[in-house]
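>>> predicted model and sequence follow; I will ask about them next.
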Amino acid sequence: MKRIFAHIGFSVAVSLFIFNIFGIGFTQYAGIVLATIFVAGLILPDFRKKAAVPLCSGSALFACLLFVYCYYNVALPQLSLGGREADAVFYITGFANKSNTGFVYNACVQSVNIDSAPQNIKIKLYTNEQIPAACYQLVEGKLKFFSSGSSGYSSYGMWGNGFFVNAKVGSYTRTDEFVPSVMTGVLSVREYIMQACGSYIGGDEGALSLGVLLGDRSQFSDELVTAFKMTGTMHLTAVSGLHLGAATGFFAYIFRRLGVSKKVSSPILIIIILLYGLLSGFSKSVLRAGVMLFVVLAGEMAGKRADSLNSLGIAMFVICLNPFAVCDLSALLTALCVFAIIVVYPAFSLRYSRDTVLLRQRLKGHGTLSNNLLKIAFSVADLLILSVSITVCTMPVMCLFFGYFSTVGILISPIIMFLGTAVVIASMIFAICSPFRILAVLTALFVRLINSIVLNLITSAAKLPFATLNLTKETALAIGGVLIFLGICTAFFPNRLKSSALSAVAVLAVLIVTFNISDSRASHIYFTENAAAVVSSKEVAVLNVRNRHDYIRVRAYLTSNRLGVDGIYNCDSEFADLLADEFNCHSITHTKSAVAFEVDGITFSSGSGAKGNIVLYNGVLTDSAGSTDLADGEVIYSVKGDAYSVSRYSSSMLT
């Protein structure tokens, strides 16, 4: 049987994703079914001959047992702290991140004065002001715990990163004790790189270098974050295969030029991968890329060539040893992107197709210019095929988590991939040269030039009309239907897979455009996580814009949907004036009373004592399904007649 590790890794990953969505009750019943299939696969001769049946069912059964064990022994004990307040001893494990209401820290609670409470647990620590304590310095304080989600899926990756509960800190007192950790040295290096990027490069260009080197987006402006989101290029700032590949490729090239053999250079490259991963925080995308590169380099040391799909399977299995990690957005997107590159793209690439070879043979006698133009045309077409392959493979995840995907991203992603490699290498050279002032200044000028080109491309693309398309429920059903169709073709008509896939993608594209045209005619109510709102019906109204963060979010929504503004209500005067000037609005109303709007057959109201189908008050949305705290993410209501549907984005994932 070929690609055993691919079968194991993908079976475990898909099973765990399903278990995280449907919860522990479903998982326990699924375990019985999987155990039956596994035993049948071992006993029945027909199943035993098809090794994939016992192998995949056994892998899924392993995933089931792992999920049940970790839920009851890891997740549930920590979830029991939700809603409770207690004295605790904790220490901060990273630098402060600015939030809309204060600051957020990664922290570890060493002990809690609650009987049978778990100790040494990771939390996100929320404060109104910065805590004047060094990293790994013990702090005594009163913490109020709250759950980070009811399941791995609903936590938006928090469970996968070990944050089952978070806490708000009340009173606290620093101690003189420190927790010894090798990470203190790593944090010192991170702090040095942050200071160097800020001092020598500066601005958004320095923030981009900081992002590609460390995966740190804390220095990004709101405008830049919005542009990255709308163009689907946020992956450039999440250290992943692009960054590790560029780093290892850069050093591998140096070793090759120096004449160092692969048996000597491969162990050094593995150490570089480990150090880079440690410095960037070992996110799921780093772990996936690191494991795959490790397999490739280990194969080179053994004189063998690694299979890409098997390497991806091994990487997914390693990631899934944490059964909640599969719902981490970076884990899902990095796996699907690599799958698209090594499986989907080669099936449709023009480079090695029979028609391409025949066309080149026909043009051989037509001169060098014709051949060169043909090569350029095929290269451009191949890049677009690669971009479309990645978009189609990642679209289900975008639909599940975001409710939209970037259309301009399909066009600029190939360029960003090329320029992104240059940004990573240039930023690494700058980091190496930064201790030497003259070299730091010279390399910083070069880095700033490359980074400014990338940022100008991204911000310009984000301003294009219809930069994003909403993924409606109808679109989700269409994607599901296309995936089922392709699965049937793969199983029963493998020889027609290419033509079937092309037909399916064409039909899907037509359906998405059709549904979005239909959805664009509907009315919408958009809410930021700070409770600013845009009501777009027969007239467009903007509400509750009180800070720059809200202004950037609202402005991006209005621009991408090509909306004007007819009325501005209850906004800070500064940002009300900005919106009024930019969108030529002459109606500004400063009021603290309830404001109501009739949106088709639905009533939306905001403020104290507000009543209607959808009510916004104190950052909480209330509709027929219950109440939702907007601090958990952005929300869009699509209203048609007297019915509405909801798309939800997680602000923590996007930023």
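Now that the structure is in, tell me what you want to look at.
>>> give me the number of residues near Thr36?
12 (other C-beta atoms under 10 Å). Heads up, the C-betas are built off the backbone N, CA and C, glycines and all.
>>> from the chain's centroid, how far away is the helix or strand hosting it?
Per DSSP states H and E: Thr36 is located in helix 4-43. With C-alpha atoms, centre = their mean, to the nearest Å as the basis, helix 4-43 stands 25 Å off its chain's centre.
>>> name the helices or strands packed onto it?
When contacts are defined as 3 or more C-beta pairs under 8 Å, 6 or more residues apart in numbering; DSSP states H and E, helix 4-43 packs onto helix 45-49, helix 52-70, helix 308-319.
>>> buried stuff in that helix?
Using 16 or more other C-beta atoms under 10 Å as the test for burial, helix 4-43 gives 5-20, 23, 27, 30-31, 34-35, 37-38, 41.
>>> what's the angle between it and helix 52-70?
Using axes from the mean of the first three to the mean of the last three C-alpha atoms, to 10 degrees, the inter-axis angle of helix 4-43 relative to helix 52-70 is 100 degrees.
>>> quick one: average pLDDT of helix 4-43?
Across helix 4-43, pLDDT averages out at 89.
>>> okay, and for the stretch 51-200 of the chain, where does confidence drop off?
Residues of the stretch 51-200 of the chain meeting the criterion pLDDT under 70: 99-101.
>>> can you give me the helices in it?
52-70, 76-79, 183-196 (DSSP state H, counting those that start in this stretch).
>>> elements contacting the helix or strand hosting Ile552?
Using DSSP H and E, Ile552 falls within helix 548-560. Applying 3+ C-beta pairs under 8 Å, 6+ apart, one finds that helix 548-560 makes contact with helix 222-231, strand 533-536, strand 540-543, helix 573-582.
>>> using PDB, list the CA coordinates for the first one.
In PDB, the C-alpha atoms belonging to helix 222-231 read as follows (Å, rounded to 0.1, in the frame of the first residue of the first chain):
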ATOM      1  CA  ASP A 222      -5.400  49.200  11.700                       C
ATOM      2  CA  GLU A 223      -5.300  50.200   8.000                       C
ATOM      3  CA  LEU A 224      -2.700  47.600   7.300                       C
ATOM      4  CA  VAL A 225      -4.500  44.800   9.200                       C
ATOM      5  CA  THR A 226      -7.700  45.600   7.200                       C
ATOM      6  CA  ALA A 227      -5.800  45.600   3.900                       C
ATOM      7  CA  PHE A 228      -4.200  42.200   4.700                       C
ATOM      8  CA  LYS A 229      -7.600  40.800   5.600                       C
ATOM      9  CA  MET A 230      -9.400  42.000   2.400                       C
ATOM     10  CA  THR A 231      -6.600  40.700   0.100                       C
END
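>>> which strands and helices lie in contact with it?
Using 3+ C-beta pairs under 8 Å, 6+ apart as the test, helix 222-231 ends up in contact with helix 408-433, helix 437-462, helix 548-560.
>>> before we move on, back to that, a markdown table please, covering the helices and strands packed on helix 4-43 and showing mean neighbour count and distance to Ala377.
Below are the helices and strands packed on helix 4-43 laid out as a markdown table (neighbours: other C-beta atoms under 10 Å; distance: least, C-beta to C-beta, whole Å):
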| stretch | mean neighbour count | distance to Ala377 |
| --- | --- | --- |
| helix 45-49 | 11 | 48 |
| helix 52-70 | 20 | 41 |
| helix 308-319 | 23 | 27 |
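>>> for those, give me TSV that also has distance to Ser209.
Putting those into TSV (distance: least, C-beta to C-beta, whole Å) gives the following:
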stretch	distance to Ser209
helix 45-49	54
helix 52-70	37
helix 308-319	27
